[in-house]
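Enquirer: Pasting the sequence and the predicted model now:
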Amino acid sequence: MIIQRLPWAGIRIFAGETTVLIDPITRILDKFGGSREPMYPLAHFGKVDAVLITHLHTDHFDPEGILAAYGSQIPVYVPAESADAARAAGLEMVTGVEVYSSIELAPDVTITAVPSVDGIGDVQIGWIVEWAGRKVIHCGDTLWHGYWWKFAQTYGPFDAAFLPVNGAVLELPGMLPSSQPICLTPEQAVSAAAILEAGMLVPIHYGAIHYPPVYNETPDIVKRLEAAAKGKVKLAMMKVTETMAI
């Protein structure tokens, strides 16, 4: 299995003859200050057989980018509750997947939807992708939750865990500020990866957005990850467009 890191929270998985994207985007909206890092059209990353979406927030779901690169007939998998909204965006081959259900995308390539807890209460799932004895988990922009132990017992161990690390605090119009992070902090991501018995933690969901006071990324992410990971889990700091075999 070969993994390529895409901007923000996206990854590309090469599993034999099958290629899957998770949460690919081509832009960060102006309401979050745009992207602080380069973005790419999805066609830049080549052939794709399916797209998996954890949730429909604009920094994880980019229907215009998907349509421009792959057309309306690309298979797209989303949380079951979000299927109608994804179809309304112009995608015609949408499959809504229930939590804890699995789908065989191709011989020996299986995807499984697992719970994920969204920071503002919207529908979200995580994705497990398995191929040829290799297994990775991508958890969108989840908060800390109590499912980690169940994931480890039911599905683990994992070769790699792709977890958010930027502990963002939001101040959105019409919402009373909480001062609490809406996704994992660096220390929480390390703890989650250790519980998951992940062969490595690959941080995602950091770097591209910091737009105070609307979107506040937690400081010193890399130093905190390195400090927290010592003796607990292998840390793989993949750069955008970099690939890695697992």
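Expert: Good, I have the coordinates. Numbering: from 1, shown residues only.
Enquirer: Not including adjacent chain positions, what is the nearest residue to the residue positioned nearest the centre of the chain?
Expert: By CA atoms, centre = their mean, the chain has its centre lying nearest to G140, at 3.4 Å. Here the nearest residue to G140 in space, its sequence neighbours aside, is T54; by CB to CB, 6 or more residues apart in numbering that works out to 3.2 Å. Just so you know, the C-beta spots here come from the backbone N, C-alpha and C atoms, and that holds for glycine as well.
Enquirer: per-residue confidence for that neighbour?
Expert: Per-residue pLDDT puts T54 at 98.
Enquirer: Next: P173.
Expert: Looking at P173, its pLDDT is 89.
Enquirer: could you measure it against K31, distance?
Expert: 9 Å (CB to CB, to the nearest Å).
Enquirer: Of the two, give the one with the bigger neighbour count.
Expert: The neighbour count for P173 versus K31, taken as other CB atoms under 10 Å, is higher for K31 (12 against 6).
Enquirer: Might you report the residue contacts of the closest residue to the more buried one other than its chain neighbours?
Expert: With CB to CB, 6+ apart as the criterion, K31 has its nearest non-adjacent residue at 7.0 Å, and that residue is V214. Neighbouring residues of V214 by CB atoms under 8 Å, 6 or more residues apart in numbering: 31-33, 170-172.
Enquirer: Now, of those, which are buried?
Expert: 32, 170 (16 or more other CB atoms under 10 Å).
Enquirer: Can you give me every residue that contacts D62?
Expert: D62 sits in contact with 24-27, 42, where contact means CB under 8 Å, 6+ apart.
Enquirer: of those, closest to A113?
Expert: P24 (17.6 Å; CB to CB).
Enquirer: tell me the SS of the closest one?
Expert: With DSSP: H, G, I helix; E, B strand; the rest coil as the basis, the three-state label of P24 is coil.
Enquirer: wouldn't it be in contact with A50 here?
Expert: No. Assessed by CB atoms under 8 Å, P24 is found out of contact with A50, at 11.3 Å.
Enquirer: Comparing these two, which shows the higher neighbour count?
Expert: P24 (26 against 22).
Enquirer: Give me the below-cutoff pLDDT ranges for this structure.
Expert: The chain contains no residues with pLDDT under 70.
Enquirer: could you pull out the helices for it?
Expert: In the chain, the helices defined using DSSP state H lie at 63-70, 83-88, 148-154, 186-195, 221-229.
Enquirer: roughly how far is the last one from the heart of the chain?
Expert: Right, helix 221-229. Helix 221-229 sits 20 Å away from the centroid of its parent chain (CA atoms, centre = their mean, to the nearest Å).
Enquirer: Tell me how far stretch 197-217 lies from the chain's centre.
Expert: Computed by CA atoms, centre = their mean, the chain-centroid distance of stretch 197-217 equals 11 Å.
Enquirer: quick one, what contacts the residue nearest to the centre of the chain?
Expert: With contacts defined as CB under 8 Å, 6+ apart, G140 is in contact with 9, 23, 54-55, 60, 116, 118, 124-126, 164.
Enquirer: Return the closest of these with respect to Q180.
Expert: Among the contacts of G140, and counting by CB to CB, the member closest to Q180 is D118, at 13.2 Å.
Enquirer: Look up the closest residue to the closest one, ignoring the ones flanking it.
Expert: If the residues on either side of it in the chain are set aside, D118 comes closest to Q124, at 4.0 Å by CB to CB, 6+ apart.
Enquirer: Pretty sure the one you found sits against V99.
Expert: No. Counting by CB under 8 Å, Q124 does not reach V99; the two are 10.2 Å apart.
Enquirer: Sounds good, over and out.
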